[in-house]
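Peer 1: What shape does this take:
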Amino acid sequence: MFLSKRRLSNNSLFRKKDGLSFRRRRRKIDFDKVKHILLLVVELVLVVGLAYGVVICFGKQVECSNASMEPTYETSDKLLINIIAYKFNSPERGDVIAFKPRSNVNASYSVKRVIGLPGDTLYIKSGRIYINEELYKEGMELDPIENAGVAASPIKLLDNQYFVLGDNRNSSEDSRYESIGLLSKEDILGKIWIKYPF
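Peer 2: Sure thing, here's the model as predicted:
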């Protein structure tokens, strides 16, 4: 009888709210905290992935080393290049591209505008560009071309050839001259994406 009273008194210790308890309490999982942590991890992974993608796609930069692209880009403008733009597509007429001249592999990248596409026949007459016997309409007001270079006579572009010009036509070394010549797609680093600082 005395023992059973003692057991009861010991059991009552476990039942008391304010008293000592030697039983293990089960910890409840706070699903709100878990959900919050998982969301933070997912957001972090997405941000890192996006940053990595931007660096891969636009990780190259060039600087306009001369006035050949004025008024579009000024000397010393820093430009970001989309280096995957032509992995799945081809350059289009009017695109501004960065390329390295084949004649000088040690040269820095040049920035020019694509004028002639594969299969085109073009020439320059009276300061204007003719593509496939039609006057090429510029998207901006530019001075007439004073020196037609090799384009004084019609040039037929082959399947993988591009003809490029600087926007400052009278102060640009471009496809009119043998130092640059016609480009192939392999010569092109990518499409100029944006100038920065913006």
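Peer 1: low-scoring stretches of this structure, by residue?
Peer 2: 1-26, 55-59, 103-106, 197-198 (pLDDT under 70).
Peer 1: rerun at 80
Peer 2: Across the chain, residues meeting the criterion (pLDDT under 80) sit at 1-31, 51-59, 101-107, 196-198.
Peer 1: So which elements touch the longest helix seen in it?
Peer 2: Longest helix in the chain by number of residues (criterion: DSSP state H): helix 31-58. Under the contact definition 3 or more Cβ pairs under 8 Å, 6 or more residues apart in numbering; DSSP states H and E, helix 31-58 sits against strand 78-82. For glycine as for every other residue, the C-beta is placed from the backbone atoms N, C-alpha and C.
Peer 1: Could you list the paired strands of the strand it packs on along with their orientation?
Peer 2: strand 60-63 (antiparallel), strand 188-196 (antiparallel) (DSSP bridges).
Peer 1: Can I get the helix or strand following it in PDB, CA atoms only?
Peer 2: As assigned by DSSP states H and E, the chain's next helix or strand after strand 78-82 is helix 85-88. The C-alpha coordinates for helix 85-88 follow below in PDB (Å, rounded to 0.1, in the frame of the first residue of the first chain):
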ATOM      1  CA  ALA A  85      23.100  35.400 -80.700                       C
ATOM      2  CA  TYR A  86      24.600  33.700 -83.700                       C
ATOM      3  CA  LYS A  87      24.900  30.100 -82.400                       C
ATOM      4  CA  PHE A  88      21.300  29.400 -83.500                       C
END
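Peer 1: The chain should start at 6 in everything you say after this.
Peer 2: Got it, first residue is 6 now, which makes that one helix 90-93.
Peer 1: Excluding its own residues, what touches helix 90-93? List them.
Peer 2: The list of residues contacting helix 90-93 from outside it, by Cβ atoms under 8 Å, 6 or more residues apart in numbering, reads Lys190, Ile193, Gly195, Lys196, Trp198.
Peer 1: partners of the second one in the sheet?
Peer 2: Same thing as Ile193. Applying DSSP bridges, one finds that Ile193 bridges with Phe104.
Peer 1: ok, now how distant is it from Ala103?
Peer 2: 7 Å (Cβ to Cβ, to the nearest Å).
Peer 1: hang on, the earlier thing: what inclination does the longest helix of the chain have with respect to strand 193-201?
Peer 2: Relative orientation of helix 36-63 versus strand 193-201 (axes from the mean of the first three to the mean of the last three Cα atoms, to 10 degrees): 120 degrees.
Peer 1: ok, back up a step: please, a PyMOL command that selects the buried ones among the contacts of helix 90-93?
Peer 2: To isolate the buried members of these in PyMOL, using 16 or more other Cβ atoms under 10 Å:
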select buried, resi 193+195+196+198
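Peer 1: okay if I get the contacts of helix 90-93 as a markdown table plus distance to Glu48?
Peer 2: Shown next, in a markdown table, are the contacts of helix 90-93 (distance: Cβ to Cβ, whole Å):
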| residue | distance to Glu48 |
| --- | --- |
| Lys190 | 39 |
| Ile193 | 36 |
| Gly195 | 30 |
| Lys196 | 31 |
| Trp198 | 26 |
